[in-house]
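Peer 1: how would this look folded up:
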Amino acid sequence: MASSDDSSPKEPTVAEITKAYEDGKDRRYKLLFAVNGGDFTVVKWLAGERNAPTFLGSLELWQIGVGMALFTLAMVADIDAFGLKMRKNGKQKGEKLYARMGVIVLLSIGSLIVAGWVLVAVPHDWKPWDLLLATLAIAAHCLLVLVVLRRLGDATGEAP
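Peer 2: As a prediction, the model looks like this:
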């Protein structure tokens with residue numbers, strides 16, 4: 001009885017790799033925007049209650065801002081890790097996926113969203129200088145986490 005090689009996994013084509021990259025990127029960005037957009041809408045709608053001791057149940061407004069900034073940071077890190085993985089897969093086929101401009105766009109979007117949540121989280125009595133420093137600190141933290149993730153990937157050989 002002759003054995004056939006049909007049971008072995010076949011190599012994905014360039015078109016399949018590109019489609020997987022575009023579909024995965026699309027799903028991740030949609031999640032990032034849907035969750036942040038929905039939460040911004042709820043916060044805006046309930047903004048009249050900002051001076052109340054609690055905002056939603058026992059949750060205070062600053063806690064929502066910090067939580068959403070952390071969620072955004074996690075999503076940006078996930079999108080970056082996905083992009084690096086797909087870049088590696090595409091590179092094997094000669095396809096250039098997740099190029100430098102994609103990284104710049106991701107970092108820009110992530111930093112702007114995080115800065116927006118910092119603006120939501122800070123009290124009204126903060127001085128503009130304090131607010132600027134807090135925003136820059138959060139944006140710098142986003143960049144630092146991505147740099148650390150890339151270096152860890154380089155050390156393990158997982159990043160291109």
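Peer 1: which residues in the chain form helices?
Peer 2: For the chain, the helices defined by DSSP state H cover 14-45, 61-91, 100-121, 128-156.
Peer 1: any chance of the ones you listed in a markdown table, plus mean neighbour count?
Peer 2: In this view, the C-beta of every residue, glycine as well, is placed from N, C-alpha and C. Converted to a markdown table, those look like this (neighbours: other Cβ atoms under 10 Å):
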| stretch | mean neighbour count |
| --- | --- |
| helix 14-45 | 14 |
| helix 61-91 | 19 |
| helix 100-121 | 17 |
| helix 128-156 | 14 |
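Peer 1: got those as a markdown table, with mean pLDDT columns?
Peer 2: Putting those into a markdown table (pLDDT from 0 to 100) gives the following:
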| stretch | mean pLDDT |
| --- | --- |
| helix 14-45 | 89 |
| helix 61-91 | 87 |
| helix 100-121 | 83 |
| helix 128-156 | 66 |
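Peer 1: The closest residue in space to Thr72 that isn't next to it in sequence: what's it in contact with?
Peer 2: Nearest non-adjacent residue to Thr72, counting by Cβ to Cβ, 6 or more residues apart in numbering: Ile113, 4.8 Å away. Applying Cβ atoms under 8 Å, 6 or more residues apart in numbering to Ile113 gives the contacts Leu32, Asn36, Thr72.
Peer 1: Out of those residues, which comes closest to Ile64?
Peer 2: Asn36 (11.5 Å; Cβ to Cβ).
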